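Peer 1: structure for this input, please:
(one chain, ligands or ions: 1)
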Amino acid sequence: VRPLEGKTALVTGGSRGIGAGIVRRLAADGAQVAFTYASAKDQADAVAEATGALAVQADSADHEAVRAAVSRTTEHFGGLDILVNNAGVSHAAPIEDFPLEDFDRLVAVNVRGVFSAVQAAAPHLGQGGRIITIGSVIVDRVPFPGATVYALTKAAVAGLTRGLARELGPRGITVNNVQPGPTTTDMTPDSGPYAESLKQLMPLDQFAEPADIASAVAYLAGPEAHFITGTSWNVDGGIAV
Ligand code: NDP
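Peer 2: Model (predicted):
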């Protein structure tokens, strides 16, 4: 029996990168999976086709769209057991030049979008429910200047994770935060001088693949992780040491 047989999962931002890796892994582990995306319809359709998952267009910055995506998932599959908050955006600039609209966008997607999804999903989660958010190891180590606001948003979800773990634990729901290090995606390509200098900071000397992050998510989503809650786990090739 596959470990997530009979479970339903919703992954935000599942059309590309780490989110697509998580969709693939949860589906392979037996879950029924829905995922959101913002604009990459062709890539979302390809992931859906390859995995049997349900693709739902929903901008994480749009509170009502996120709520509708949760409703669509529960109506389609008849419930919800696992929420993975993965959708995220990044922007790097010196603090003096950081555009206010980019600040607002990062907070809207990376922080408020997580709040919206959790608020809509929580009433559907029962005993054994799981909430897993993709934060970032940047909370423990900021390797270069410019990522200040991004780091702020990822620190926010680490705090949210602790608060939610306290709040939802009595209902048998665990809440955890997976903090990737550099991972090969469109957001962080594994080439060029920037990638090389990051690798020099990493004991394991290479970028993660999305499947490496998905494997930690799958463990936390599964039955063996039932006693783990409120944690932030680095999956980072050691960049934080
Ligand atoms: P990508 O940019 O490669 O993919 C982002 C995914 O999120 C896409 O599926 C995208 O959808 C979706 N998305 C983006 N904005 C929104 C939005 N407003 N509403 C709904 N979906 C959205 O990013 P990664 O896979 O690299 O990152 C995934 C998560 O991991 C993020 O939270 C990121 O901060 C975090 N992370 C990444 C690291 C890395 O090195 N890559 C390191 C640490 C953390 P669409 O295709 O439609 O644009």
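Peer 1: use CA for all of it now, contacts and neighbours both
Peer 2: OK.
Peer 1: could you pull out the strands for the protein?
Peer 2: 8-11, 32-37, 54-57, 82-85, 130-134, 174-180, 232-235 (DSSP state E).
Peer 1: which positions in the chain make contact with the ligand?
Peer 2: Contact residues, the chain versus the ligand (Cα under 6 Å from any ligand atom): 12-19, 36-40, 58-61, 86-89, 109, 134-136, 180-188.
Peer 1: got a PyMOL select line for the buried ones in the residues you listed?
Peer 2: This is the PyMOL syntax for the buried subset of the residues of the chain next to the ligand, where burial follows 16 or more other Cα atoms under 10 Å:
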select buried, resi 12+13+14+15+16+17+18+19+36+37+38+58+59+60+61+86+87+88+109+134+135+136+180+181+182+183+184
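Peer 1: report back the residue of the chain that's furthest from centre.
Peer 2: E96 (29.1 Å; Cα atoms, centre = their mean).
Peer 1: let me know the pLDDT of it.
Peer 2: Looking at E96, its pLDDT reads 97.
Peer 1: same check on S232?
Peer 2: Value for S232, per-residue pLDDT: 98.
Peer 1: and the one 4 residues further on, by the same measure?
Peer 2: pLDDT recorded at D236 is 98.
Peer 1: now do the helices in the chain.
Peer 2: 17-28, 41-51, 63-77, 100-107, 113-121, 148-168, 192-200, 210-221 (DSSP state H).
Peer 1: measure the residue farthest from the centre of the chain to the ligand for me?
Peer 2: 22 Å (Cα to the nearest ligand atom, to the nearest Å).
Peer 1: just want the most central residue of the chain.
Peer 2: So for the chain, Cα atoms, centre = their mean, it's N86, sitting 2.0 Å from the centre.
Peer 1: which pLDDT value belongs to that one?
Peer 2: 99.
Peer 1: buried stuff in the lowest-mean-pLDDT helix or strand in the chain?
Peer 2: One helix or strand of the chain scores below all others by mean pLDDT, DSSP states H and E: helix 192-200, with a mean of 93. By 16+ other Cα under 10 Å, the buried positions in helix 192-200 come out as A195, L198, K199.
Peer 1: ok, the spatially closest residue to A195 that is not a sequence neighbour - how many residues close by?
Peer 2: Of all residues not flanking A195 in the chain, P189 sits nearest, at 7.2 Å (Cα to Cα, 6 or more residues apart in numbering). P189 has 13 neighbours, counted by other Cα atoms under 10 Å.
Peer 1: quick one: P189 and E196 touch, right?
Peer 2: No: applying Cα atoms under 8 Å, one finds P189 not in contact with E196, separated by 10.6 Å.
Peer 1: if we can go back for a sec, columns distance to I228 on top of the helices of the chain, output as JSON lines?
Peer 2: Putting these into JSON lines (distance: least, Cα to Cα, whole Å) gives the following:
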{"stretch": "helix 17-28", "distance to I228": "19"}
{"stretch": "helix 41-51", "distance to I228": "28"}
{"stretch": "helix 63-77", "distance to I228": "25"}
{"stretch": "helix 100-107", "distance to I228": "27"}
{"stretch": "helix 113-121", "distance to I228": "18"}
{"stretch": "helix 148-168", "distance to I228": "10"}
{"stretch": "helix 192-200", "distance to I228": "30"}
{"stretch": "helix 210-221", "distance to I228": "8"}
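Peer 1: hey, which of the ones you listed is tucked in deepest?
Peer 2: helix 17-28 (a mean of 25; mean count of other Cα atoms under 10 Å).
Peer 1: could the strands of the chain go into TSV alongside distance to T148?
Peer 2: Converted to TSV, the strands of the chain look like this (distance: least, Cα to Cα, whole Å):
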stretch	distance to T148
strand 8-11	26
strand 32-37	25
strand 54-57	29
strand 82-85	21
strand 130-134	17
strand 174-180	16
strand 232-235	19
